[in-house]
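Colleague: Sequence first, predicted model second:
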Amino acid sequence: MLVAAAVCPCPPLLVPDVAAGAAPELDAARAACTDALGVLAASRPDLLVVVGPAEQSGRGPHPEGTRGSFRGFGVDLAVALGLGAGVPGHGVADRELPPSLAVAAWLLERTGWSDAPVEGLGVGEPLEAERCIQVGRDIGGRAARVALLVMGDASACRTLKAPGYLDERAVDFDAEVARALGAADVPALKALDAELAYELKVSGRAPWQVLAGAAEDAGLGGVLLYDDAPYGVGYLVAAWS
């Protein structure tokens, strides 16, 4: 059963080495992510599953110890998912973590995660809501105490300089997601408009709906820890317990 969840954004800029001189601009977001991961640790899970958006090559399961890097963003920085990197037989996957899970691995390393085994799951943007919800239900049944680290960004259309340019629908969409995440509103997350999310370049829709499936009968409460769009992209941090 799901006992806790942390929702974090997944821009590589969250990693200071990638952000370089702009790193201080996301200090508040990093601090909120640290607080959210603290909620996961306090829940004493038997298993932590990290869920994040992925392109085709990064979709599907990623075992503990799978490695990732930020070389594609101009930084020679490597990460590994969980503690399995030092265990024989781990860390030898034939593919790297997708960027969202590499950011998650960095967050876990930064906070010294050692509370439970970790597995990763890359999900594709096109995955329909019902499939996402069923995946979440399956994850929730994996262990007696399951925690989720859910990576994903809100709209990328909040300003003229945003990656998706300005779309006036973005503010309302992001506000509803922020409200739902802060209230642990499972029905609202299930009902997110996948087509609108795609048009607004939202990377978190599918992972959030996986969370909704896992949390169906968990009775968790939520708190919103961060809500901003410093680069015209909505970044949200929430914790459920």
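Modeller: On my side now, so go ahead. Residues are numbered from 1 along each chain as shown.
Colleague: Give me the distance from stretch 186-200 to the chain's centre.
Modeller: 16 Å (C-alpha atoms, centre = their mean, to the nearest Å).
Colleague: Next, the distance between the ends of that stretch.
Modeller: For stretch 186-200, the first and last residues are 21 Å from each other (C-alpha to C-alpha, to the nearest Å).
Colleague: Show me which positions of it end up buried.
Modeller: V186, A188, L189, K190, L192, A194, L196, A197, E199, L200 (16 or more other C-beta atoms under 10 Å). (Glycine included, C-beta is placed from N, CA and C.)
Colleague: What is the most widely separated pair among these?
Modeller: Greatest spatial distance in these: V186 and E199, 23.9 Å, computed using C-beta to C-beta.
Colleague: circling back to that earlier point, just put the buried residues of stretch 186-200 in TSV and tack on pLDDT and secondary structure.
Modeller: Below are the buried residues of stretch 186-200 laid out as TSV (pLDDT from 0 to 100; DSSP: H, G, I helix; E, B strand; the rest coil):
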residue	pLDDT	secondary structure
V186	98	helix
A188	98	helix
L189	98	helix
K190	98	helix
L192	98	coil
A194	97	helix
L196	98	helix
A197	98	helix
E199	98	helix
L200	98	coil
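Colleague: In the protein, which residue is most central in space?
Modeller: Central residue of the chain (C-alpha atoms, centre = their mean): M151, 0.8 Å from the mean position.
Colleague: for it, what are its contacts?
Modeller: Going by C-beta atoms under 8 Å, 6 or more residues apart in numbering, M151 touches 8-10, 50-53, 100-101, 103-104, 204, 207.
Colleague: just R110 next, same as before
Modeller: T34.
Colleague: tell me which residues of the longest helix that the chain contains are tucked away?
Modeller: Longest helix in the chain, counting residues (DSSP state H): helix 27-42. By neighbour count on 16+ other C-beta under 10 Å, the buried set for helix 27-42 is A29, R30, A32, C33, T34, D35, A36, L37, V39, L40, A41.
Colleague: show me where this protein has strands.
Modeller: For the chain, the strands defined by DSSP state E occupy 2-8, 47-53, 60-62, 67-69, 78-80, 118-123, 146-151, 222-228, 235-240.
Colleague: For V15, find the nearest of these.
Modeller: Comparing the strands of the chain against V15 with C-beta to C-beta, the closest turns out to be strand 78-80 (8.8 Å).
Colleague: in its sheet, what does the closest one sit against?
Modeller: Here strand 78-80 is paired, per DSSP bridges, with strand 67-69 (antiparallel).
Colleague: How about residues contacting the partner strand?
Modeller: 76-81, 85, 91, 93, 96-99, 101-102, 105.
Colleague: for it, what is the average pLDDT?
Modeller: For strand 67-69, mean pLDDT rounds to 96.
Colleague: quick one on the thing from earlier: with pLDDT added, can I get the contacts of M151 in JSON lines?
Modeller: Below are these laid out as JSON lines (pLDDT from 0 to 100):
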{"residue": "C8", "pLDDT": "98"}
{"residue": "P9", "pLDDT": "98"}
{"residue": "C10", "pLDDT": "98"}
{"residue": "V50", "pLDDT": "98"}
{"residue": "V51", "pLDDT": "98"}
{"residue": "G52", "pLDDT": "98"}
{"residue": "P53", "pLDDT": "98"}
{"residue": "S100", "pLDDT": "98"}
{"residue": "L101", "pLDDT": "98"}
{"residue": "V103", "pLDDT": "98"}
{"residue": "A104", "pLDDT": "98"}
{"residue": "G204", "pLDDT": "98"}
{"residue": "P207", "pLDDT": "98"}
